[in-house]
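Chemist: give me coordinates for this.
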Amino acid sequence: MATADDLTARARIRDAALRQFGEQGFERTTIRGIAATAGVSPGLVRHHFGSKDALRDAVDEHVLTEIRRINDEVRKGIAANGEFSEDAITRAAIRPFQGYLARAMVDGSAIISAFFDQIVGLTEEWLGDAEELTDNEFFADRRTRAAVLSAMAMGVPLLREQLSRVLGVDSFSPEGERMVSMALLDIYSHVLITPELAAAARKAFDSYGGGDHE
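Modeler: A predicted model of the protein is given here:
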């Protein structure tokens, strides 16, 4: 039976691996480095997780669970009082996972496809909530819109270096996160083109066969 100390050590190892994988990537991270960061022996890392691959799987599952929990709490808060929570506004809850998520998308992992699918599912829920507040016509189905929006959102951490260069600050820093958050609020709350222009663009697109013409 696992003791409380065992469970605490396991969590420390997992969190150390999350940081190491995010900062160095999976290939460059070592069991010894993770153990040193967690303050345990390499043998204890292997005792709890068996291998670096199994440890990465555990980190992936932890991140997926936390992302789902954070999303559910934000949606519940909005449903209850029509406001975002402090964590949602400051992005504090998601901050520990940003570097890892960006690196995992580049490195790939056994369940990273499942992770993207879950993000798309969460985005579908948000789009469903938004659709209840409007009678606008949509050109694409909700799943497609959710997938594209998720890919666009994930581009923010993936392009951290380039985005930070343009902003003049690290986009993962508190100042950078605020700049990104304010920009996203503008993008999500302001119409980029009118419904009439969108309809005209749709008509033109259809007349050209969806871009498949030569």
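Chemist: so which bits of the longest helix along the chain are buried?
Modeler: When the chain is scanned for its longest helix (criterion: DSSP state H), the result is helix 52-81. The neighbour-count check on helix 52-81 (16 or more other CB atoms under 10 Å) flags 52, 55-60, 62-64, 67, 70-71, 74, 77 as buried. (C-beta placed from N, C-alpha, C; glycine too.)
Chemist: out of these, which comes closest to V156?
Modeler: I67 (14.8 Å; CB to CB).
Chemist: OK, contacts around the closest one?
Modeler: In this structure, I67 makes contact with I94, F97, Q118, I119, L122, judged by CB atoms under 8 Å, 6 or more residues apart in numbering.
Chemist: from these, which is closest to M182?
Modeler: I94 (16.1 Å).
Chemist: surely the closest one meets I70?
Modeler: Yes: counting by CB atoms under 8 Å, I94 sits close enough to I70 to count as a contact (6.4 Å).
Chemist: let's see the helix or strand K203 falls within as CSV, backbone CA atoms only.
Modeler: Per DSSP states H and E, K203 falls inside helix 195-207. These are the backbone C-alpha positions of helix 195-207, laid out as CSV (Å, rounded to 0.1, in the frame of the first residue of the first chain):
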residue,chain,number,x,y,z
PRO,A,195,-22.3,39.6,-41.5
GLU,A,196,-23.0,41.1,-44.9
LEU,A,197,-19.4,40.9,-45.9
ALA,A,198,-19.1,37.4,-44.6
ALA,A,199,-22.1,36.3,-46.7
ALA,A,200,-20.6,37.9,-49.8
ALA,A,201,-17.3,36.1,-49.1
ARG,A,202,-19.2,32.8,-48.7
LYS,A,203,-21.0,33.4,-52.0
ALA,A,204,-17.8,34.2,-53.8
PHE,A,205,-16.1,31.2,-52.3
ASP,A,206,-18.9,28.9,-53.4
SER,A,207,-18.9,30.3,-56.9
